[in-house]
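**Student:** Let's see this in three dimensions:
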Amino acid sequence: MNRSVLISGCSGGGKSTLLQELVVRGHAVVEEPGRRIVKQELEDDGAALPWVDMVAFARRAIEMAIADHAAACEQTGWMFFDRGLVDGAAALQHLTGEPILEKLSVAHRYHQTVFLTPPWPEIYTTDPERRHGFDEAVDEYDRLAAIYPTLGYDIIILPKIAVADRADFILDCLSRETRQQ
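**Tutor:** Numbering: from 1, shown residues only. All right, here's what the predicted structure looks like:
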């Protein structure tokens, strides 16, 4: 069974906070490639930043997500990803029209169920690493919510509830899936 679980969806929808809760509960997580890239590029005065060169940023996110996915194959328990390869490939395909999504998603599959954080304006904030506005975040969410099913994934939209309850919700869904197999 593939135990690499994607948590994707709207930027600013609570993914990182949710992943922190899963860490507290003893689960392995992979930090979002985009945030790692932005931190590194800002430290190194690089240009692969979403507000400078989005194409270079998306290509770096794809490379990082492929490496993250390969490393996760050695894990035995659930591994939760804050975004992943599909997110980076979807961004690149949207920007360039390059038909990369299907090819990459076939070679690097995640768990069948993908959890999406919906747009949640009450918790959305910008910061030095997230400079885009809420409307851009919603546009990205809409693209991802449409793309994942076309790639053969089942999506579950996370309810807008407290972070501990969201973690319980995900773990309950995965537990039910495991029992049904």
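**Student:** what sits up against stretch 163-180?
**Tutor:** Stretch 163-180 is contacted by residues 1, 5, 7, 14, 17-18, 21-22, 25, 78, 80, 111-113, 115, 156, 158-159, 161 when judged by Cβ atoms under 8 Å, 6 or more residues apart in numbering. Where you see a C-beta, it was placed from the backbone N, CA and C, and this is true even at glycine.
**Student:** ok, of the residues you listed, which come out buried?
**Tutor:** 5, 7, 14, 18, 21, 22, 78, 80, 111, 113, 115, 158 (16 or more other Cβ atoms under 10 Å).
**Student:** on that earlier part again, what about the contacts of stretch 163-180, which are in helices?
**Tutor:** Among the contacts of stretch 163-180, DSSP state H puts 17, 18, 21, 22 in helices.
**Student:** Tabulate those residues (JSON lines), appending pLDDT.
**Tutor:** Converted to JSON lines, these look like this (pLDDT from 0 to 100):
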{"residue": "17", "pLDDT": "91"}
{"residue": "18", "pLDDT": "95"}
{"residue": "21", "pLDDT": "97"}
{"residue": "22", "pLDDT": "97"}
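**Student:** Closest to residue 52 out of the residues you listed?
**Tutor:** residue 17 (26.9 Å; Cβ to Cβ).
**Student:** How about the contacts made by the closest one?
**Tutor:** residue 163.
**Student:** Show residues contacting the helix or strand bottoming out on mean pLDDT in the chain.
**Tutor:** The helix or strand of the chain with the lowest confidence, counting by mean pLDDT, DSSP states H and E, is helix 101-107 at a mean of 74. With Cβ under 8 Å, 6+ apart as the test, helix 101-107 has contacts from 62, 66, 85, 86, 89, 90, 93, 147, 151.
**Student:** Let's see which of those end up in helices.
**Tutor:** Per DSSP H, the contacts of helix 101-107 map to helices at 62, 66, 85, 86, 89, 90, 93, 147.
**Student:** how many neighbours does the second one have?
**Tutor:** The reference is to residue 66. 18 (other Cβ atoms under 10 Å).
**Student:** how near is it to residue 145?
**Tutor:** 23 Å (Cβ to Cβ, to the nearest Å).
**Student:** same question, the third one
**Tutor:** Applying Cβ to Cβ, one obtains 17 Å for the distance of residue 85 from residue 145.
**Student:** Quote the end-to-end distance of stretch 122-141.
**Tutor:** Criterion Cα to Cα, to the nearest Å; first-to-last residue distance in stretch 122-141 is 16 Å.
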